[in-house]
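# starting from these lines, generate the structure:
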Amino acid sequence: MSGRGWVLFALMSVIWGIPYLLIKVAVDGVSVPVLVFARTAVGAAVLLPLALGGGRLRGLLRHWRPLAAFAAIEIIVPWWLLSDAERHLTSSMTGLLIAASPVMAAVAGRLAGDTERLGATRWAGLAVGLAGVAVLAAPELRGGDPWAITEVLLAAACYAVAPMIAARRLRDVPALPMTVACLGLAALVYTPPAIMTWPDALPAGRVLAALAGLAVVCTALAFVVFFALIREAGASRALVFTYVNPAVAVTAGVAVLAEPLTVPVLVSFALILGGSVLATASRGRGSRGGRGRAATAGGGVREISGRGR
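Take a look at the predicted model:
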């Protein structure tokens, strides 16, 4: 990979590793609907000029049903769940639990009729990844906030399922216009609850900075940088940064918010990361199934072969 590719790779590792930190800061000052509305509305507005060329947005109308389903499962539902959960969980724990989505994607692919045979390596990855989730979630389920844990795991499940919709129904739709359309639809959905829960006073500066970072950096800029990384390094190598994001999430939470770095966090990080790598191991040349690429507004562009990212 070129020097420019490595720079883009490093940027993406950070840009999609810090949303959990920013969400944690933002939910201390605004409601969940306001947070999600600000992120989606500003993100869509920033990306809109880049997506207008060639009338590509008009061509999206004939795909409105799968687009609506994809937007709901990739943005509208999980961004609410994550933001609500972080009112009770640390950002580092949230980032680690979301890292289990590749493991869930492998399971979802099987349930959806993926004909690919899972070998011993990928079955081991599923078991290891789920063990990591158990190590991290067990204390909260026993005496903490089990609903918050459930919310994050439901969000991870959404991130596992949404790419399957994109791969099967939206694989010919240009990524940037699709992203703008999904963000815009999410902003419309969140407009009424955001108005109803709008803060009476201007939030603190750190809250406003977190909202701006989520919308401009972690959403709009992230997609521009990621599409550049795809062009520079190819989809397969570009996707490797998703394995770095959990480490960034934990580091940011510990360094900025003084969140605890405990032994269970370290153990679960190793198990979830290792399980994700094994569970999403590449198939052999002779395996069946189509492969597509899908832009996902929650976490990036995923290369899909019937099992998620």
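# give me the helix or strand of the chain that scores worst on average pLDDT.
The helix or strand of the chain with the poorest confidence is strand 300-304; it has a mean of 39 (mean pLDDT, DSSP states H and E).
# torsion angles phi and psi at P260?
phi -70, psi 140 (degrees, to the nearest 10).
# next SSE downstream of the host helix or strand of W64?
Under DSSP states H and E, the secondary-structure element containing W64 is helix 64-71. Stepping forward along the backbone from helix 64-71, the first helix or strand reached (DSSP H and E) is helix 77-85.
# and the helix or strand following that following helix, what's its mean pLDDT?
Once the chain leaves helix 77-85, the next helix or strand it forms, by DSSP H and E, is helix 91-98. Helix 91-98 carries an average pLDDT of 89.
# so helix 91-98 versus helix 77-85, what angle?
Helix 91-98 runs at 150 degrees relative to helix 77-85, counting by axes from the mean of the first three to the mean of the last three C-alpha atoms, to 10 degrees.
# gap between the two ends of stretch 185-205?
Stretch 185-205 has its terminal residues 28 Å apart, counting by C-alpha to C-alpha, to the nearest Å.
# to clarify, my last question referred to stretch 18-37.
Between the opening and closing residues of stretch 18-37 we find a distance of 19 Å, counting by C-alpha to C-alpha.
# so where's the stretch 51-200 of the chain uncertain?
For the stretch 51-200 of the chain, residues meeting the criterion pLDDT under 70 lie at 54-57, 113-118, 140-143.
# so G17: helix, strand or coil?
Judged by DSSP: H, G, I helix; E, B strand; the rest coil, the three-state class of G17 is coil.
# in this structure it contacts P246, no?
Yes - G17 is within contact range of P246, at 7.4 Å (criterion: C-beta atoms under 8 Å). For the C-beta atoms, the positions are set from N, CA and C on the backbone; glycine is no exception.
# list residues touching both of those two?
Common neighbours of G17 and P246 (criterion: C-beta atoms under 8 Å, 6 or more residues apart in numbering): G95.
# which other helices and strands contact the helix holding W64?
When contacts are defined as 3 or more C-beta pairs under 8 Å, 6 or more residues apart in numbering; DSSP states H and E, helix 64-71 packs onto helix 146-169, helix 175-196.
# G275 is nearest to which of the ones you listed?
Distances from G275 to each of the helices and strands packed on helix 64-71 were compared by C-beta to C-beta, and the smallest falls on helix 146-169, at 12.8 Å.
# tilt between that closest one and helix 91-98?
For the pair helix 146-169 and helix 91-98, the angle between their directions (the same axes, to 10 degrees) equals 40 degrees.
# which parts of helix 146-169 are buried?
148-149, 151-153, 155-167, 169 (16 or more other C-beta atoms under 10 Å).
# also stretch 256-268?
For stretch 256-268, a neighbour-count test (16+ other C-beta under 10 Å) marks 259, 264-265, 268 as buried.
# and for stretch 90-110?
90-109.
# how about the strands in the stretch 201-309 of the chain?
Ranges of strands within the stretch 201-309 of the chain are 292-296, 300-304, based on DSSP state E, counting those that start in this stretch.
# in this structure E259 contacts S91, no?
Yes - in terms of C-beta under 8 Å, E259 counts as a neighbour of S91; the distance is 6.7 Å.
# need the overlap of contacts for those two.
The overlap between the contact sets of E259 and S91 (C-beta under 8 Å, 6+ apart) consists of G253.
# name the SS class of D28, please.
From three-state DSSP, the assignment for D28 is coil.
# begin at 58, not 1, for the rest of this chat.
Done: numbering now begins at 58, and the last item shifts to D85.
# give the contact list for the closest residue to it other than its chain neighbours.
Setting aside the residues directly before and after it, D85 is nearest to V264 in space (C-beta to C-beta, 6 or more residues apart in numbering), at 6.6 Å. With contacts defined as C-beta under 8 Å, 6+ apart, the neighbours of V264 are 82-83, 85-87.
# make a PyMOL selection of the buried ones in those residues.
For selection in PyMOL, the members of the contacts of V264 meeting the burial criterion (16+ other C-beta under 10 Å) are listed in this command:
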select buried, resi 82+83+86+87
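# report the two of the contacts of V264 separated the most.
Longest distance between any two of these is 10.2 Å, between V82 and V87; criterion C-beta to C-beta.
# quick check: R228 is in a strand.
No - per three-state DSSP, R228 lies outside any strand segment and is coil.
# what about it, distance to A277?
Distance of R228 to A277, computed by C-beta to C-beta, to the nearest Å: 23 Å.
# so for the two, which residue has more residues nearby?
Under the criterion of other C-beta atoms under 10 Å, the comparison of R228 against A277 puts A277 first, with 23 against 13.
# for that one, which non-adjacent residue is closest in space?
Taking C-beta to C-beta, 6+ apart as the measure, A277 lies nearest to V103, with 3.7 Å between them; neighbours along the chain are not counted.
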